[in-house]
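Chemist: My questions concern the predicted model and sequence given below.
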Amino acid sequence: MAKQQNAATQAAEEESSKMTVWQKILAFLQKKDIVFSAKRYGIEALGAMAQGLFASLLIGTIISTLGQQLGIEILETIGGYAKAVTGPAMAVAIGYALKCPPLVLFSLIAVGGAANELGGAGGPLAVFVIAIIAAELGKLVSKETKIDIIVTPSVTIAVGVLLSIWCAPWIGAAASSVGNAIMWTTELQPFLMGILVSVIVGICLTLPISSAAICAALSLTGLAGGAAVAGCCAQMIGFAVMSFYENKWGGLMAQGIGTSMLQMGNIVRNPRIWIPTILTSAITGPLATCIFQMQMNGAPVAAGMGTCGFVGQIGVYTGWVNDVTAGLKTGISPMDWIGMILICFVLPAVLTQIFSLLLRKIGWIKPGDLKLDL
């Protein structure tokens, strides 16, 4: 038995000696589950970061606003604590998506806090970039020494905090500059930018990437944030209504207050089913910016949530409250409510149904094209 084990070990060593340096590096990365891919970082990590934002900043903002409106101080306190851990929550969520070992995962708490604080308004993007680098380097050294409990957290935290000190302000400033440019351009050209922001953010919502994380990283608020909400609602309510023939009430709820991403498989099979919701977002976006001047001045992450759990609408309402408190609005008017209801619910339902019926009539959308396995 011992001879067989020795022979197997010797064979493995001989095989290893035949490997090139590059092959050894690839084998080591595979062993550490480090995968350099758009899917791992652009979909899985970015999506997880949005969940971290939701579980801290967004839910904290909702609870704080509720406490403020009802005069319940304890709710404001709870919300404040939730918002205070935004950076750590995002970093840990990213680490979870990257399948980090426990010591790396827990060490990302400090990294996220540093990156978010030093990144300023563009903190979410700083956390995203720095947490990925710190997590992957932490995974490289994890369980490679006999003093792993010291080495792994030391490397993860040191790398993450140093990068935060050196890079987070620059990353945050860059993200803020892009976001400010979008918001400034939307103020100058509300019609054109209303279309572009609404269509692009709405498409991102339906694609397997996180529109919420993108809006948060760019700190997208104001008229641009309102256009983003419009685009997301056009996708979610639009797909929910125009697929009612196939999916009934279950599909209406799953897409209307869940996610239009459920239709991604059907879109791949027949891209034409995406036309009605995209056309609708191109209409509701400029209506939101030009006619109703709907602004989203709550937590930026809400701009990319649409009707998912009605988070987009709660974000708009929170923005109204913030503006009233800051003296930027005299109060919440009936026109505010009418605009939000039309842009977020009524127009997406009506317009996508009209467009989809036309496409069904010419045969571009056929029965079963929007069917979900619910």
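Modeler: Arrived safely, thanks for sending. Computed from a predicted model, the values in this text were never measured in an experiment.
Chemist: What distance do you get for residue 343 to residue 202?
Modeler: 12 Å (Cβ to Cβ, to the nearest Å). For glycine as for every other residue, the C-beta is placed from the backbone atoms N, C-alpha and C.
Chemist: And those two? Which one has more around it.
Modeler: A direct count of neighbours by other Cβ atoms under 10 Å for residue 343 and residue 202 places residue 202 higher, at 33 against 28.
Chemist: Without its sequence neighbours, what residue ends up closest to that one?
Modeler: Once flanking residues are discounted, residue 202 sits nearest to residue 231: 3.1 Å by Cβ to Cβ, 6 or more residues apart in numbering.
Chemist: isn't that neighbour right up against residue 281?
Modeler: Yes. Using Cβ atoms under 8 Å, residue 231 is in contact with residue 281, at 4.2 Å.
Chemist: what's near enough to touch the nearest residue to residue 91 once chain neighbours are set aside?
Modeler: Distance criterion Cβ to Cβ, 6+ apart; nearest residue to residue 91, sequence neighbours excluded, is residue 112 at 2.6 Å. Counting by Cβ atoms under 8 Å, 6 or more residues apart in numbering, residue 112 makes contact with 87-92, 127, 131.
Chemist: ok, now how distant is the residue sitting nearest the centre point of the chain from residue 219?
Modeler: Centroid-nearest residue in the chain: residue 213, 2.8 Å away (criterion: Cα atoms, centre = their mean). Distance of residue 213 to residue 219, given as Cβ to Cβ: 12 Å.
Chemist: Could you do residue 77 as well?
Modeler: Distance from residue 77 to residue 219, by Cβ to Cβ: 25 Å.
Chemist: and if you look at residue 294?
Modeler: Shown here: residue 294 relative to residue 219, a distance of 18 Å by Cβ to Cβ.
Chemist: And for residue 157?
Modeler: As judged by Cβ to Cβ, residue 157 and residue 219 stand 26 Å apart.
Chemist: again with residue 64
Modeler: For residue 64, the distance to residue 219 equals 18 Å [Cβ to Cβ].
Chemist: between these two, which one's more packed in?
Modeler: It is residue 219, of residue 64 and residue 219, that has more neighbours when counted by other Cβ under 10 Å, with 27 against 21.
Chemist: Make sure that one is actually in contact with residue 176.
Modeler: Yes. Counting by Cβ under 8 Å, residue 219 touches residue 176, with 6.0 Å between them.
Chemist: Quick check: neighbours shared by those two?
Modeler: Common contacts of residue 219 and residue 176, defined by Cβ under 8 Å, 6+ apart, comprise 121-122.
Chemist: Now list whatever residues contact both of residue 231 and residue 281.
Modeler: Shared contacts of residue 231 and residue 281, counting by Cβ under 8 Å, 6+ apart, come down to 198-199, 202.
Chemist: Could I get the contacting residues of the residue nearest to residue 202?
Modeler: Residues in contact with residue 231 (Cβ under 8 Å, 6+ apart) are 197-203, 205, 281, 284-285, 306.
Chemist: hey, where'd the helices end up in the stretch 251-374 of the chain?
Modeler: Per DSSP state H, counting those that start in this stretch, the stretch 251-374 of the chain carries helices over the ranges 264-269, 275-286, 311-326, 334-341, 347-361.
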